[in-house]
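Participant: Test case, fold it:
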Amino acid sequence: MRLLFVLFFFGIVFDGHCQEERIDPPQIAIKILPGESVNVEDVELTFVEVLEDSRCPSSVDCIWNGRARVLLKLNRDGKDTSEAIVIFGELKQGEEPHRLLDLNSEYLLEAMQLNPYPAVPGEELEYSLLVKKVRKED
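Facilitator: Numbering: from 1, shown residues only. Prediction:
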């Protein structure tokens, strides 16, 4: 009986140590409104405008899911400005997904989501863009 107790005790102790999982730290998203700028890793990112929002409203059944295109401007050191168009949703022929923006040799900026998602056709939306900084993989 004592042997069973000892085996049970060590089984619980070793089982607890074997199940330790690596937990990734939480990702912090940055919310940007149209016309607003944020600084990330010495790069100023500006949410210029929503160029297109043809995403299928959640209250409608659509043949095509649609998409949203967002124009962003990146300003490095106050002088080197570039623009990027980020597409959320369906891509047209010849287009490639472009949601990662190069910040520097260590980090990228990932455009995560354009909110809100349209609920009914033709509604006016007050947009916000969620982005997060991610480390480049070697």
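Participant: Pull the contacting residues for Asn115.
Facilitator: Shown here is Asn115, whose contacts under the criterion Cβ atoms under 8 Å, 6 or more residues apart in numbering are Tyr127, Ser128, Leu129, Leu130. Every C-beta, even on glycine, is put in place using the N, C-alpha and C of the backbone.
Participant: go again using 7 Å as the cut-off
Facilitator: With Cβ atoms under 7 Å, 6 or more residues apart in numbering as the criterion, the residues that contact Asn115 are Tyr127, Ser128, Leu130.
Participant: Repeat that for Leu45.
Facilitator: Counting by Cβ under 7 Å, 6+ apart, the residues that Leu45 touches are Ser37, Val38, Leu72, Leu74, Leu109.
Participant: gap between it and Val70?
Facilitator: Spatial separation of Leu45 from Val70 under the definition Cβ to Cβ, to the nearest Å is 11 Å.
Participant: Tell me the pLDDT of the closest residue in space to Cys62 that isn't next to it in sequence.
Facilitator: Using Cβ to Cβ, 6 or more residues apart in numbering and skipping residues adjacent in sequence, the residue nearest Cys62 is Cys56, 3.5 Å away. Here, the pLDDT recorded for Cys56 equals 90.
Participant: give me phi/psi at Glu96?
Facilitator: Listed backbone geometry of Glu96 is phi -120, psi 150, with angles given as degrees, to the nearest 10.
Participant: okay, now it: neighbour count?
Facilitator: 6 (other Cβ atoms under 10 Å).
Participant: try Ala68
Facilitator: Burial of Ala68 is recorded as 22 neighbouring residues (other Cβ under 10 Å).
Participant: my guess is it contacts Gly89, does it?
Facilitator: Yes - counting by Cβ atoms under 7 Å, Ala68 sits close enough to Gly89 to count as a contact (6.0 Å).
Participant: So for those two, which residues contact both of them?
Facilitator: Overlap between the neighbourhoods of Ala68 and Gly89 consists of Arg55, taking contacts as Cβ under 7 Å, 6+ apart.
Participant: Could I get the contacting residues of the most centrally placed residue in the chain?
Facilitator: Relative to the mean C-alpha position of the chain, the nearest C-alpha, by Cα atoms, centre = their mean, is the one of Met112, at 2.1 Å. Met112 is in contact with Ala29, Leu130, Val131, Lys132, counting by Cβ under 7 Å, 6+ apart.
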